[in-house]
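# model the following, please.
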Amino acid sequence: MFKRLTLAAALAAASFAATAAPVAYKMDANHTSVVASWSHFGFSNPIANFGQVDGVINYDPQNVGQSSVNVTIPLAGLDTRVAKFDEHLRSADFFDAAKFPTITFKSTRVEAAGDRKLRVFGDLTIKGITKPAVLDVTINKIGEQPMAKRPAAGFDASTVIKRSDFGVDKYAPNVSDEVTITITTEAVVAKADAAK
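The predicted model follows:
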């Protein structure tokens, strides 16, 4: 009888795990950085920081394939620490931010890629042009955020894109076509969801 009860409990637990939904984590813009870097005539490697990031990461460690990412990056938050360069990057020469005010990334597939590693495939949209992109992701930590007292998740990610794919290729190839994007993010379960 005891064995039957134990087996039933194990089956019930397995069934619950199989049907459990991914946890939705809202990205904390104060602890998220999206940084682009490129080569400037081979002499230096400047960076631009894209702030004000807004997005949701749905993560299921038991079924990684059910995970997803949806991110919006307003170009209003672009910051190179050089105001005139920021204005130039937002102009029609580059991002044309007046017409295309945001960059978006929406995942299409998430795969496990080793210990604490993921590969996130998705659609990256810049200047109204959508192209596939792949993020190589490291899972930094999953647990309770001690200040927020809510479940949180932290990730680092990177990818390399060609700006010519998105019509942002002024001065290429002297200013490199390839741009490296590095991301670090801390995302927290919303208060209402954490209370459930």
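
# helices of the protein, start to end?
2-19, 83-90, 191-194 (DSSP state H).

# worst mean pLDDT among those helices?
When these are compared by mean pLDDT, helix 2-19 comes last with a mean of 44.

# pLDDT score for residue 195?
Residue-level pLDDT assigned to residue 195 equals 59.

# so which elements touch the longest strand along the chain?
Across the chain, the longest stretch assigned as strand under DSSP state E is strand 129-145. If contacts are counted by 3 or more CB pairs under 8 Å, 6 or more residues apart in numbering; DSSP states H and E, strand 129-145 sits against strand 102-112, strand 117-126, strand 150-162, strand 178-188. Placement of C-beta: from N, CA and C, glycine included.

# kindly recompute the last result at 7 Å.
strand 117-126, strand 150-162 (3 or more CB pairs under 7 Å, 6 or more residues apart in numbering; DSSP states H and E).

# the bottom helix or strand of this protein by mean pLDDT?
helix 2-19 (a mean of 44; mean pLDDT, DSSP states H and E).

# can you get me a residue count around the closest residue to residue 34 other than its chain neighbours?
Nearest residue to residue 34 in three dimensions, chain neighbours excluded: residue 50, at 4.2 Å (CB to CB, 6 or more residues apart in numbering). Burial measure for residue 50: 20 neighbouring residues, criterion other CB atoms under 10 Å.

# tell me what residue 50 is bridged to.
Assessed by DSSP bridges, residue 50 has beta-bridge partners residue 34, residue 78.

# among the helices and strands packed on strand 129-145, which is nearest residue 111?
Nearest to residue 111 among the helices and strands packed on strand 129-145 is strand 117-126 (4.8 Å), distances taken as CB to CB.

# given the closest one, what are its sheet partners and their directions?
With DSSP bridges as the test, strand 117-126 pairs up with strand 102-112 (antiparallel), strand 129-145 (antiparallel).
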